[in-house]
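Undergrad: Prediction below, plus the sequence it came from.
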Amino acid sequence: MLDATKTQRARGLLTASARSDVPPFMVMDVMAAADRIEAAGGHVIHMEVGQPWAPAPRAALAAAHAALDSSRIDYTSALGIPSLRARIARHYRETYGCDVDPDQIVVTTGSSGAFILSFLALFEPGDRVAVTVPGYPPYRHILNALGCEPVPIETHSETRHALTGEALLEAHRKAPLKGVLVGSPANPTGTMMTREALTELIAVAESEGIRFISDEIYHGLDYAFPAVTAAELSRDAVVINSFSKYFCMTGWRVGWMVLPESLVRPVERLQQNLAISVPTLSQIAAEAAFDGRAEMEAVKRGYEENRAILIEGLPKAGLTEFLPADGAFYLYADVSTFTSDSYDFTKRMLEEARVAATPGIDFDPVRGKSFVRFSYARSAEDMREAVRRITAWLGR
């Protein structure tokens, strides 16, 4: 038997590191709870996770099948398959009229892999990086895990919940910032930045030596006006995108970055060591996905219908206040009429009404107690049923 000292030491070997002590990504916990209800025979309307209901484009599926039938699935270059990088560059010309060198594109394991690579390449432990609240939780959690300090900046209705240069400067003057990360369309609000607002924000950041990261994962899902890419406005910005949302390829785990030339080799070295390369089959499918734009535009029209169903239906349930829903597929609703605890609200709504949604505290630990994020990425029938269930549950 081990003596007491050796037992204590052995237990110490099993203690998790402090850097692993990040909050859970709550939407995944909600999804797991919903899955347990369904496994027991219940029927849940899923509005918690930002996952398209539609499959990947037919062209992507066909390319994957063909590769499995005829090819070895080997490692690729750490930067990605050259033809995929060239196709992404062509996408920027076709969609934005913007010239991007394929050599500045890096294929990543979804946008999540891109965040890790960009944070490691840009920042040192202790660096302060601004993020907006409400905002995507893993921004903060990944930065914390890497030893950086996320600096939340509140957004307000006066600016349509978009970050302004003035707010960025105010935070920078309190203590210097090394970076800022902005998403447009944003999660969870759906807010989009106009060309003028994004141009001003990038100019302010760069004038102060603040590195700019643009999360453009919801590009293509824009309803109010066309989304603008930071790649068009700055050669120094880091642009992150993914095939997950517009192209309905969440589980394929493939995204990309557009990098300043000076960062390509550092990111390549990191990718070589952290992942070797992105799954080859996913890259093959992703390149073909660009040929499925007509299918994806039809899916997008479905989201617009869903958005209209919720904007018209939820007020009848008593949920009358939403943040701007310019793009993406989320509605961030004020539930303060009914609760000051969005976690308890969504827990009861799942258990009693069988509707899964994400508590606002996942996106904003302070003001999020009064908000709930509803994803409308599923079918129109699901959205109508969700409105019916929520209305009955709230007694309207």
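TA: The structure has been received and is ready for your questions.
Undergrad: can you pull out the strands in the stretch 101-250 of the chain?
TA: 105-108, 128-133, 149-154, 179-183, 211-215, 238-242 (DSSP state E, counting those that start in this stretch).
Undergrad: what's the angle from the last one to strand 179-183?
TA: Note on geometry: by axes from the mean of the first three to the mean of the last three C-alpha atoms, to 10 degrees, strand 238-242 and strand 179-183 are set 30 degrees apart in direction.
Undergrad: Please tell me how far strand 238-242 is from the chain's geometric centre.
TA: On the basis of C-alpha atoms, centre = their mean, to the nearest Å, the separation between the geometric centre of strand 238-242 and that of its chain is 11 Å.
Undergrad: Could you give the average pLDDT over it?
TA: Strand 238-242 comes out with an average pLDDT of 98.
Undergrad: Which other helices and strands does it contact?
TA: Judged by 3 or more C-beta pairs under 8 Å, 6 or more residues apart in numbering; DSSP states H and E, the packing partners of strand 238-242 are helix 110-122, strand 211-215, strand 255-258. (C-beta placed from N, C-alpha, C; glycine too.)
Undergrad: Can I get it as CSV, trimmed to CA atoms?
TA: The C-alpha atoms that make up strand 238-242 are tabulated as CSV, following Å, rounded to 0.1, in the frame of the first residue of the first chain:
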residue,chain,number,x,y,z
VAL,A,238,-7.0,39.1,-38.6
VAL,A,239,-10.2,37.8,-40.2
ILE,A,240,-11.8,34.6,-39.0
ASN,A,241,-14.6,32.7,-40.7
SER,A,242,-16.0,29.2,-40.9
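Undergrad: which residues touch that strand?
TA: The set of residues that contact strand 238-242 without belonging to it, under C-beta atoms under 8 Å, 6 or more residues apart in numbering, is 108, 110-111, 114-115, 118, 122, 211-217, 219, 229-231, 254-260, 263.
Undergrad: who does that strand pair up with?
TA: Paired neighbours of strand 238-242 in the sheet (DSSP bridges): strand 211-215 (parallel), strand 255-258 (antiparallel).
Undergrad: domains for the chain, by residue range?
TA: Domains of the chain are assigned by automatic domain parsing as 19-55+294-393, 58-292.
Undergrad: what's the closest of these to residue 5?
TA: Closest approach to residue 5 among the domains of the chain (C-beta to C-beta): domain 19-55+294-393, 25.7 Å.
Undergrad: got a markdown table for the domains of the chain, with mean neighbour count and distance to residue 5 too?
TA: Output for those, formatted as a markdown table (neighbours: other C-beta atoms under 10 Å; distance: least, C-beta to C-beta, whole Å):
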| stretch | mean neighbour count | distance to residue 5 |
| --- | --- | --- |
| domain 19-55+294-393 | 19 | 26 |
| domain 58-292 | 19 | 32 |
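Undergrad: Where among those domains is average confidence lowest?
TA: Looking at these, the weakest mean confidence is domain 19-55+294-393, a mean of 93.
Undergrad: What is the end-to-end distance of that one?
TA: Start-to-end span of domain 19-55+294-393 (C-alpha to C-alpha, to the nearest Å) is 41 Å.
Undergrad: With stretch 368-383 instead?
TA: Between the opening and closing residues of stretch 368-383 lies a distance of 23 Å (C-alpha to C-alpha).
Undergrad: can you redo the strands of the stretch 101-250 of the chain as JSON lines with distance to residue 375?
TA: Shown next, in JSON lines, are the strands of the stretch 101-250 of the chain (distance: least, C-beta to C-beta, whole Å):
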{"stretch": "strand 105-108", "distance to residue 375": "23"}
{"stretch": "strand 128-133", "distance to residue 375": "19"}
{"stretch": "strand 149-154", "distance to residue 375": "23"}
{"stretch": "strand 179-183", "distance to residue 375": "15"}
{"stretch": "strand 211-215", "distance to residue 375": "17"}
{"stretch": "strand 238-242", "distance to residue 375": "16"}
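Undergrad: For residue 238, which non-adjacent residue is closest in space?
TA: Taking C-beta to C-beta, 6 or more residues apart in numbering, and ignoring the residues beside it in sequence, residue 238 has residue 213 as its nearest neighbour in space, at 4.7 Å.
Undergrad: mind listing what that neighbour touches?
TA: With contact taken as C-beta under 8 Å, 6+ apart, residue 213 is in contact with 118, 122, 179, 180, 181, 182, 237, 238, 240.
Undergrad: and what of residue 92?
TA: Remark: with contacts taken as C-beta under 8 Å, 6+ apart, residue 92 is in contact with 98, 99, 100, 229, 231, 258.
Undergrad: mind checking how far the residue lying closest to the last one once chain neighbours are set aside is from residue 221?
TA: Yep, that's residue 258 we're talking about. Among residues not flanking residue 258 along the chain, residue 239 sits closest, at 4.0 Å (C-beta to C-beta, 6+ apart). Applying C-beta to C-beta, to the nearest Å, the value for residue 239 to residue 221 is 17 Å.
Undergrad: Residue 353 contacts residue 391, doesn't it?
TA: No. With contact defined as C-beta atoms under 8 Å, residue 353 does not reach residue 391; the gap is 9.5 Å.
Undergrad: now the helices: where do they sit in the stretch 201-350 of the chain?
TA: If DSSP state H, counting those that start in this stretch is used as the criterion, the helices of the stretch 201-350 of the chain fall at 230-233, 261-274, 280-289, 293-313, 342-348.
Undergrad: Among the ones you listed, which comes closest to residue 247?
TA: If you check each of the helices of the stretch 201-350 of the chain against residue 247 by C-beta to C-beta, helix 280-289 wins as the nearest, at 4.6 Å.
Undergrad: helices and strands around the closest one, which ones?
TA: Applying 3+ C-beta pairs under 8 Å, 6+ apart, we find helix 280-289 packed against helix 58-70, helix 82-96.
Undergrad: can you list those in TSV and add distance to residue 194?
TA: Below are these laid out as TSV (distance: least, C-beta to C-beta, whole Å):
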stretch	distance to residue 194
helix 58-70	32
helix 82-96	15
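Undergrad: and of these, who's closest to residue 248?
TA: For the helices and strands packed on helix 280-289, the distance to residue 248 is smallest for helix 58-70, at 8.9 Å, taking C-beta to C-beta.
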